[in-house]
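Q: Make a model of this:
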Amino acid sequence: MANVNIRVEDSLKSEAEKIFSELGLSMSAATNAYYKQVVRYRGIPFELRVSEPFYSEENQAHIQKAINDYETGKSKPVVKTFAELEDMADE
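A: As a prediction, the model looks like this:
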């Protein structure tokens with residue numbers, strides 16, 4: 001079996017270890033699971049992005065349009081009471 005030495009920020013390692021512990025995994029088992037996914041996926045097993053999708057040009061344009069529609073009166077907020085929302089859920 002091979003040994004792997006990597007440098008990781010202390011806080012990141014600590015947070016990851018807490019999550020792995022909750023899952024019943026050691027750091028070694030979690031790392032092995034990651035490597036197995038890389039091999040199975042034949043690449044990084046998750047999407048790598050430059051930025052969060054919330055900040056994408058497309059989403060920002062959609063949000064700006066919604067704001068403009070509201071400010072020009074093209075759309076209005078929907079205001080419902082909790083009881084009205086419960087009635088809608090029962091339909």
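Q: per the record, what domains does this protein have?
A: Split into domains by automatic domain parsing, the chain comes to 10-41, 53-90.
Q: Now the first one: buried residues?
A: For domain 10-41, the buried set under the neighbour-count rule, 16 or more other CB atoms under 10 Å, comprises 20, 30. Using the backbone N, CA and C atoms, a C-beta is placed for each residue, glycine as well.
Q: Between the two ends of that domain, what distance do you get?
A: 29 Å (CA to CA, to the nearest Å).
Q: right, and the domains of the chain - which one's nearest residue 1?
A: Comparing the domains of the chain against residue 1 with CB to CB, the closest turns out to be domain 10-41 (9.7 Å).
Q: Could you check how far that closest one is from the centre of its chain?
A: Here domain 10-41 is found 17 Å from its chain centre; the criterion is CA atoms, centre = their mean, to the nearest Å.
Q: do the same with stretch 72-84
A: Stretch 72-84 has its C-alpha centroid displaced from the chain centroid by 29 Å (CA atoms, centre = their mean).
Q: what residues does that stretch touch?
A: Outside of stretch 72-84, the residues within contact range by CB atoms under 8 Å, 6 or more residues apart in numbering are 66, 68, 69, 70, 88.
Q: Greatest separation within those: which pair is it?
A: Using CB to CB, the contacts of stretch 72-84 span at most 27.8 Å, a distance reached by 68 and 88.
Q: for residue 87, helix, strand, or coil?
A: Recorded secondary structure, residue 87: helix (DSSP: H, G, I helix; E, B strand; the rest coil).
Q: which one of the domains of the chain lies closest to residue 4?
A: Smallest distance to residue 4 across those (CB to CB): 7.1 Å, for domain 10-41.
Q: pLDDT on that closest one, on average?
A: Computed over domain 10-41, the mean pLDDT rounds to 96.
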